[in-house]
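**Student:** Got a predicted model here, sequence first, then my questions.
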Amino acid sequence: MAPTAHSPTPHRRRGRRRRTRSRRGPLRSALTALVLALGLTACGSGPNGAEGDGSSPSAESASTQSASAQPAPDGQATTASATASATADEAPLDGLVIAVDPGHNGGNSGDPGTINAPVPDGRGGTKACNTVGTQTDDGYPEHR
């Protein structure tokens, strides 16, 4: 509205103020994503931020992956290629003994020497293997 002769300032509209977009939304989203990424990174590392305890191979020794994506000439489709190669000269499991328990198959109790042998407990100590399985109160075993 244009100012009138008796009004030195333009007339202001009364009522609701028009809201402007806040910059806090994107900032809050970015901070949330950063905190989640740091949390996931912390969960993936070993004690004191070190690499794992050697129970699983590292990403470097297991394989090398590279991917490249380039836009197509028409700008609509993209192509990606990935290659993976294992290094043959490394033997990260050479000399290690690996025990695999295929799901408490019911025959484990037939070899108490193996069942009671100490195995790593994942915290730097050892414990008895104890893989004879379990059962319900009615006697239904977990290995069926």
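**Tutor:** That came in fine, so what should we check first? Note that the structure is predicted; figures quoted are calculated from it, not measured.

**Student:** Just say helix, strand or coil for Ala33.
**Tutor:** Three-state call for Ala33 (DSSP: H, G, I helix; E, B strand; the rest coil): helix.

**Student:** Check the burial of it by counting its neighbours.
**Tutor:** Applying other C-beta atoms under 10 Å, we find 10 residues neighbouring Ala33. Using the backbone N, CA and C atoms, a C-beta is placed for each residue, glycine as well.

**Student:** Would you check how far apart it and Pro26 are?
**Tutor:** Computed with C-beta to C-beta, to the nearest Å, the distance linking Ala33 and Pro26 is 11 Å.

**Student:** swap in Leu38?
**Tutor:** 19 Å.

**Student:** do Ala91 as well
**Tutor:** 49 Å.

**Student:** do the same with Leu34
**Tutor:** According to C-beta to C-beta, Leu34 and Pro26 sit 12 Å apart.

**Student:** what's the answer for Gly39, then?
**Tutor:** 20 Å.

**Student:** And for Ala117?
**Tutor:** Distance of Ala117 to Pro26, given as C-beta to C-beta: 57 Å.

**Student:** now swap in Gly110 and tell me
**Tutor:** Distance from Gly110 to Pro26, by C-beta to C-beta: 63 Å.

**Student:** which residue packs closest to Lys127, ignoring adjacent ones?
**Tutor:** Excluding its sequence neighbours, the residue lying closest to Lys127 (C-beta to C-beta, 6 or more residues apart in numbering) is Asp121, at 4.4 Å.

**Student:** Now for the one you found, how many residues are close by?
**Tutor:** Neighbour count for Asp121, taken as other C-beta under 10 Å: 10.

**Student:** same question, Thr114
**Tutor:** Using other C-beta under 10 Å, Thr114 has 12 other residues around it.

**Student:** That one and Cys129 touch, don't they?
**Tutor:** Yes: Thr114 is in contact with Cys129 according to C-beta atoms under 8 Å; the separation is 6.8 Å.

**Student:** Could you list the low-confidence segments of this structure?
**Tutor:** When residues are selected by pLDDT under 70, those of the chain lie in 1-24, 43-89, 101-109, 130-134, 142-144.

**Student:** Now with 50, please.
**Tutor:** Low-confidence segments of the chain (pLDDT under 50): 49, 52, 57-69, 77, 79-83.
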